[in-house]
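Engineer: What would the 3D arrangement of this be:
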Amino acid sequence: MRIHVTELKEGDTLSNDTFNSYGLHVLSKGTNLFAREISQLFQHQIDYVDIELKPEEPAVIRTLESGLSPKWLPTVEPIYQDAVNGCEQLFMEAFHKGTVDEADVVQTFQPLVENFKMERDVVSMLLLLNTKDDYTYQHSVQVGMLSYYLASWLNYSEEEAIKIGQAGFLHDIGNCQIQDGILNKPDKLSSDEFETVKHHTLLGHRIITDSIGEESLAAAVALDHHERIDGSGYPNGKSGSDIHPAAKIVAVADVYSAMISTRVYQDKRDLLFVLRELYRMSFTELDPETTHTFIRHMIPNFIGKQVELDSGKTGTIIMTNSTEFFRPLIRTEDGFIDMAVDRSLEILHVYL
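Structural biologist: Okay, the predicted model is just below:
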């Protein structure tokens, strides 16, 4: 099967020898393609290669993978929705009883870990699953998933990453005791209303403490996830190392998920804009190492995505830059643009 190099997946196998435009042999038939080999293809400006199609992988399915209806969507969407519904039940339980059952948290969150942890395209996954309904619960599910990913990227063990993901899942549980009229207000909150919303960190800490114990990681995250490195956060104005490390992880996931949401009163922001905003915040409010790790792992998800440049040209991101996150290598109709070299151009929009 002949495909564009941007559609290659790690583990694909070449079915023919590959040569560059000068006739130089680059890779041999039978080569298994991983990051190093795929990078070689980009470096030699090879656009198309022939790969062996796996018996269980029809060509039509492979073609859909780079589009807006990836093959995994029908499988994972029910799992995602079950988690959203389960989150709503946890919030209702916390509202009526003032506690949550730790076993219910595990039962609701664990299927996400088991079914989503191998998904490479986190960007498309969250956007395709995101809807305007049930923002509070979807946000909690997304923050839990992102916190799990980010903890893994920061080299936490699998057990620790799951715990941090569960803490992210419960980070906003205190919102169950905030009036819906304030939480879902389409206009800017008044000063008094904002003070009420800020109280959800204390309410969440109390709910989790009464349910799991004061020393639990989830209780610390519920309390600290709105604290900021420069001391500008709430509820206690903590700064730097006084903030729980897991809360620094959840804070990044929380900000990212909120900014990509499709709430009725907020237009969905361009993904590259969101990551740029996180980068800006990493020098003031968010932990730099945590935020840069998140960006560094999210940026490769843009490979293969269409972009619009401020010059009016459109193209495809074919390689990202590990040091300059927002200046990738782009293929256009006229050739290639290395934005790390041509600094006169900016990306206006990424089409996902």
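
Engineer: Would it be right to say that Val141 lies in a strand?
Structural biologist: No. With DSSP: H, G, I helix; E, B strand; the rest coil as the criterion, Val141 is assigned helix and is not in a strand.

Engineer: care to break this protein down by domain?
Structural biologist: 2-64, 85-299, 303-351 (automatic domain parsing).

Engineer: Can you add mean neighbour count and give the ones you listed back as a markdown table?
Structural biologist: For the C-beta atoms, the positions are set from N, CA and C on the backbone; glycine is no exception. Supplementary listing: these in a markdown table, determined by neighbours: other CB atoms under 10 Å:
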| stretch | mean neighbour count |
| --- | --- |
| domain 2-64 | 14 |
| domain 85-299 | 19 |
| domain 303-351 | 15 |
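
Engineer: Adding distance to Ile79 and mean pLDDT, write those out as JSON lines.
Structural biologist: Listed next are the domains of the chain as JSON lines, based on distance: least, CB to CB, whole Å; pLDDT from 0 to 100:
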{"stretch": "domain 2-64", "distance to Ile79": "19", "mean pLDDT": "76"}
{"stretch": "domain 85-299", "distance to Ile79": "5", "mean pLDDT": "90"}
{"stretch": "domain 303-351", "distance to Ile79": "25", "mean pLDDT": "90"}
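
Engineer: Put together a markdown table for the ones you listed, with distance to Glu77 on each row.
Structural biologist: Written out in a markdown table, the entries for the domains of the chain read as follows (distance: least, CB to CB, whole Å):
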| stretch | distance to Glu77 |
| --- | --- |
| domain 2-64 | 15 |
| domain 85-299 | 6 |
| domain 303-351 | 21 |
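
Engineer: Of those, which is nearest Val76?
Structural biologist: If you check each of the domains of the chain against Val76 by CB to CB, domain 85-299 wins as the nearest, at 5.9 Å.

Engineer: Next, the distance between the ends of that closest one.
Structural biologist: 30 Å (CA to CA, to the nearest Å).

Engineer: again with stretch 294-314
Structural biologist: The first-to-last residue distance of stretch 294-314 comes to 26 Å (CA to CA).

Engineer: List the contacts of the closest residue to Leu154 other than its chain neighbours.
Structural biologist: Distances taken as CB to CB, 6 or more residues apart in numbering put Thr293 closest to Leu154, at 5.7 Å, once the chain neighbours are dropped. Listed by CB atoms under 8 Å, 6 or more residues apart in numbering, the contact set of Thr293 reads Leu150, Trp153, Leu154.

Engineer: list the contacts for the first one?
Structural biologist: Residues counted as contacts of Leu150 (CB under 8 Å, 6+ apart) are Ile164, Ile249, Val252, Ala253, Thr290, Thr293, Phe294, His297.

Engineer: Can you lay out these as a markdown table showing distance to Gly86?
Structural biologist: Supplementary listing: the contacts of Leu150 in a markdown table, determined by distance: CB to CB, whole Å:
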| residue | distance to Gly86 |
| --- | --- |
| Ile164 | 19 |
| Ile249 | 22 |
| Val252 | 24 |
| Ala253 | 19 |
| Thr290 | 27 |
| Thr293 | 29 |
| Phe294 | 25 |
| His297 | 27 |
